[in-house]
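[1] no sequence for this one, just the structure:
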């Protein structure tokens, strides 16, 4: 029995919880020669956006500073019937330290990864906001009898 992809999508509430609770994303940018540059990063999901702290001297940060289109993937699960995740596209924006929403996101980052309320401002990092222009999600745990490998997906 094939399952329509629409039934495997995360609901808005599931999406919010998954993005809030997950710890690592993979971000894909493209360098000047058209070569993909993919790295794992910590992030927070806040007010409908992904927030990153990016080392200002990294190659990746140059791509972000240029506001090049990018892709993100956040996923988990080890076996087929456990797989779930989110894929996004968007354009990055460097956010100044005085932005009030950036301050909220930075505090969430401090709590999520370091269990503290504040992190010292590090001049070697800049904060990046990515408001997704496309989001796709999946949760294979929603496949009926998901442990039965005979179950497939409809296109």
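    It's in. Everything numeric here is computed off the predicted structure, so don't read it as measured data.

[2] Name the strands paired with the helix or strand that contains residue 74 and say parallel or antiparallel.
    Assigned by DSSP states H and E, residue 74 falls within strand 70-76. According to DSSP bridges, strand 70-76 has the following sheet partners: strand 24-30 (antiparallel), strand 84-95 (antiparallel).

[3] want to throw those strands into JSON lines with mean pLDDT?
    Below are those laid out as JSON lines (pLDDT from 0 to 100):
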{"stretch": "strand 24-30", "mean pLDDT": "96"}
{"stretch": "strand 84-95", "mean pLDDT": "97"}
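
[4] Relative to residue 58, which of the ones you listed is closest?
    Taking C-beta to C-beta, strand 24-30 is the member of those nearest to residue 58, at 10.3 Å. For the C-beta atoms, the positions are set from N, CA and C on the backbone; glycine is no exception.

[5] which residues does the nearest residue in space to residue 46 that is not next to it in sequence contact?
    In space, residue 46 comes closest to residue 105 once its chain neighbours are excluded; the distance is 4.4 Å by C-beta to C-beta, 6 or more residues apart in numbering. Residues near residue 105 by C-beta atoms under 8 Å, 6 or more residues apart in numbering: 44, 46-47, 49, 51, 127, 129.

[6] need these in TSV with neighbour count and pLDDT, can you?
    Listed next are these as TSV, based on neighbours: other C-beta atoms under 10 Å; pLDDT from 0 to 100:
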residue	neighbour count	pLDDT
44	22	98
46	19	97
47	10	96
49	18	98
51	22	98
127	20	94
129	21	98
